[in-house]
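# Okay, here's the prediction I keep looking at, along with the sequence it came from:
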Amino acid sequence: MHPFLEHRERVLTGSWTPLDGARVTSSTLPEPWLSALERLGHDLQVRQYGLRIEHIEWAAMYDPDGGAVWLESAVTVEGSDPGGLGGNGYGAQVDANVDEALVSMADLVQLQVAEAHTAWPWGDGGGFMSPRLADGVAVWIDRTGSSTPIGTLAEPH
């Protein structure tokens with residue numbers, strides 16, 4: 001087993017469904033992480049292109065050596081079996097503010113949703129929107145360079 005995996009600790013479990021939104025079942029993370037997950041859950045309601053997301057199971061893992069947290073996701077889309085927990089990307093420090101945690105979570109969840117063959121979030125002009133931190137605010141950037149704060153997405157115009 002890789003040494004990093006031996007030291008990771010589960011610090012949050014939760015889920016998302018279209019009906020219930022984001023739900024945390026257990027957490028030892030600071031409040032900013034919970035607020036970030038709620039904002040991310042809002043955006044999961046809209047702008048899906050392809051198979052609709054039916055369920056996401058979440059587990060946040062903490063690496064005490066580096067002080068970072070990664071949100072792992074198991075995504076289930078319509079007509080498919082649940083995927084396994086995974087997350088490939090970058091984490092955020094456990095003491096991150098809400099926007100720093102949110103950008104990390106959005107990136108990690110977006111990649112797992114894509115692995116389930118669904119594009120999310122989809123921009124007004126087509127293509128993926130990407131999570132970024134702009135002037136300290138977590139935003140989605142579309143391919144035209146327009147930004148929308150994460151947690152405020154609506155259906156495309």
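Yep, it's here. Numbering: from 1, shown residues only.

# What residues sit buried inside the longest helix along the chain?
In the chain, with assignment by DSSP state H, the single longest helix is helix 98-115. Within helix 98-115, the residues that count as buried by 16 or more other CB atoms under 10 Å are 98-110, 112-113. All C-beta atoms are positioned from the backbone trio N, CA, C, and that covers glycine.

# distance between that helix and the chain's centre?
3 Å (CA atoms, centre = their mean, to the nearest Å).

# tell me what the helix or strand that comes right after that helix is packed against?
Next along the chain after helix 98-115, taking DSSP states H and E as the criterion, comes strand 118-119. Here strand 118-119 touches strand 49-50, going by 3 or more CB pairs under 8 Å, 6 or more residues apart in numbering; DSSP states H and E.

# Residues touching whatever helix or strand comes next after the strand it packs on, excluding its own?
Remark: after strand 49-50, the chain's next helix or strand is strand 53-63, criterion DSSP H and E. Residues outside strand 53-63 that contact it (CB atoms under 8 Å, 6 or more residues apart in numbering) are 4, 7-18, 27, 29, 33, 37, 44, 68-78, 82, 85, 91, 94, 109, 112-113, 116, 118, 120.

# Strand 53-63 pairs with which strands?
strand 9-17 (antiparallel), strand 68-77 (antiparallel) (DSSP bridges).

# Tell me what angle that strand forms with helix 98-115.
130 degrees (axes from the mean of the first three to the mean of the last three CA atoms, to 10 degrees).

# average model confidence for strand 53-63?
Averaging pLDDT along strand 53-63 yields 96.

# now, among the buried residues of helix 98-115, which is nearest to residue 140?
residue 106 (7.7 Å; CB to CB).

# got the contact list for the closest one?
With CB under 8 Å, 6+ apart, residue 106 has these contacts: 40, 43, 131, 138, 140, 150.

# Distance of the second one relative to residue 109?
Looking back up the chat, that one is residue 43. 9 Å (CB to CB, to the nearest Å).

# again, but for the fourth one
Taking CB to CB as the measure, residue 138 falls 13 Å from residue 109.

# List only buried entries from the contacts of strand 53-63.
8, 11-12, 14-16, 27, 29, 33, 37, 44, 68-77, 91, 94, 109, 112-113, 116, 118, 120.
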